[in-house]
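# quick one, structure for this:
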Amino acid sequence: MPTQHKLRRLLHFFGTGVVDQVLLSGANFMVGFAMIRFTSDVDYGQFVLAQSAILLLTSAQSAWLAPLCAILPAKSADIRRAIVGAVEASQTRFLRILVMAALVVTAVGYLTGAWSGVVALVSGGAVLAAWTALQREYVRSVLVIYARPQSVLWADVIYIAVLLITVAFAVFGAKFHSIWAVIALIIAGWAGWAGAHRSFAGDPGWVSGDAKPYWREMRPLAIWSATGAVTYWLLAQSYNYVLATRLDFTAVINVNAARLVMMPVIVFTLGINNLMLPVAANWLAEFGLHRLMRRLAVLTVGILALDALYFAFAWFFRDWLISDLLHKVIGDRDRLLLLWACVSVIFLLREVLQAALFALKRVKSMAWLIAFSSLVSLATTWFGIAHWGAAAALFGQIAGECVNLAGLGVLLWRQARSQAHSLPIQPLP
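Okay, the predicted model is just below:
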């Protein structure tokens, strides 16, 4: 019975998480679709760059706070509440200082003439949108650690509803679309944060305290985890800035329009990874590395099957999705779609291996590996533009991800081999 109860809880956890990620994927697709279909290329390009910067910051914070997944399970209920409350208060104070400094930089850019008024407003809005996104993501991660997927789902439903309404106004009811689209991110992020924050306040409740002892405990893992996340952004997101610098906004739009078609799979995988980190840590502690990898392998096969169904749908209806629905003409369309499909598959495999290695606390090794992979990716993109054009961005990602994936496999193989050698030799019967 206890095993059946654990299985039911696990299925409920992942089932609710899957529904949540499907809704988020659909909302992101609709936002991207509305911007690319009904606004100018410049508005859409500015929005994409703002989103990329926000993704960098949220990824860095998630990595910095990821050690919570490793240290909280061993703590008592009261200490867990004290840790998450103290970290939340510390995060709020730090973000206020950081946001004020970033807004000053934005104002200086405008007053010195380096940025136009629209660029300054989009940049300032992106700073505020990042603020609400960072606060929302922290509370969401705490609810996930506490195995509260239902609360995460309802908070995300609030976020999605507000996001779709405000983006609809930005696209159809406003003049400066990129500015109002970033404002939509601010409002939706705040609404999603408020819903999640209230849910945790009701049960088990926020408590305040001194965060310094907990930061000291998390810092050894957090530094390398955050370093790896920021470096990985170079591999996964910096192509937008490289394309905008080496080519033009058209190249950025072509690559991101093709990415938009594959967005449901990418966002779905990213969300599943957020659920996978605390689960992998618990599985490792309870079952050991070999059973952890078997369970992750089964989970990966299931996700790949769902991805394959979507890939088949997107490829079969690609003419309708891009020409009729998005109303865009994408240069080198089919190659970009196939490359994005490859990127998303490698991305899933890499996330699974990273979840296992993070549970093993091999964060430093992963950070160095990501740094090398990012250099491979950037070099491939930079020098490949002359031969492949905008597609070089995806060839670069694939090259970097393959190097990263191979390195992660080697790290896991060494870890498994080390554990096997450390096991005591059992006498023969």
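# state the mean pLDDT of the helix or strand containing Ile223.
Per DSSP states H and E: Ile223 is located in helix 212-236. In this model, helix 212-236 has a mean pLDDT of 72.
# contacting residues around that helix?
Contact with helix 212-236 is made by 55-56, 59-68, 70-71, 83, 86-87, 90, 358, 361, 363-364, 366-367, 370-371, 373-374, 377-378, 397, 400-401, 404, as judged by CB atoms under 8 Å, 6 or more residues apart in numbering. C-beta: built from backbone N, CA, C; applies to glycine.
# and the residue lying closest to Tyr241 once chain neighbours are set aside, what does it touch?
Sequence neighbours aside, Leu49 is the residue nearest to Tyr241 in space, at 7.3 Å (criterion: CB to CB, 6 or more residues apart in numbering). Listed by CB under 8 Å, 6+ apart, the contact partners of Leu49 are 240-241, 244, 252.
# give the buried residues for whichever strand or helix holds Leu49.
When secondary structure is defined using DSSP H and E, the element that contains Leu49 is helix 41-65. Neighbour-count burial for helix 41-65 flags 43-65 (criterion: 16 or more other CB atoms under 10 Å).
# centre of the chain to that helix, how far?
In terms of CA atoms, centre = their mean, to the nearest Å, the gap separating the centre of helix 41-65 from the centre of its chain is 10 Å.
# adjust the sequence numbering to begin at 2 for everything that follows.
Will do, 2 is the new start, and the previous item becomes helix 42-66.
# ChimeraX command for the buried members of the contacts of helix 213-237?
A single ChimeraX command is used to select the members of the contacts of helix 213-237 judged buried by 16+ other CB under 10 Å:
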select :56,57,60,61,62,63,64,65,66,67,68,69,71,72,84,87,88,91,359,362,364,367,368,371,372,374,375,378,379,398,401,402,405
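# just to revisit the earlier point, report the inter-axis angle for the helix holding Leu50 versus helix 213-237.
Between helix 42-66 and helix 213-237, the angle comes out at 140 degrees (axes from the mean of the first three to the mean of the last three CA atoms, to 10 degrees).
# next structured bit after helix 42-66?
Sequence-wise, the next helix or strand beyond helix 42-66 is helix 68-72, with elements assigned using DSSP H and E.
# what packs against the next helix or strand after that following helix?
Following helix 68-72 in sequence order, the next helix or strand is helix 78-112 (DSSP H and E). Using 3 or more CB pairs under 8 Å, 6 or more residues apart in numbering; DSSP states H and E as the contact test, the elements touching helix 78-112 are helix 42-66, helix 68-72, helix 118-146, helix 213-237.
# next SSE after the last one?
Once helix 213-237 ends, the next helix or strand along the chain (criterion: DSSP H and E) is helix 240-247.
# which of the contacts of Leu50 ranks first by neighbour count?
Neighbour counts for the contacts of Leu50 were taken using other CB atoms under 10 Å; the highest belongs to Val253, which has 24 neighbours.
# which secondary structure element contains that residue?
Remark: Val253 resides in helix 250-288, with elements defined by DSSP H and E.
# quick one: mean pLDDT over the helix or strand just after that helix.
Per DSSP H and E, the first helix or strand lying C-terminal to helix 250-288 is helix 290-317. The average pLDDT for helix 290-317 rounds to 86.
# again, but for stretch 372-379
86.
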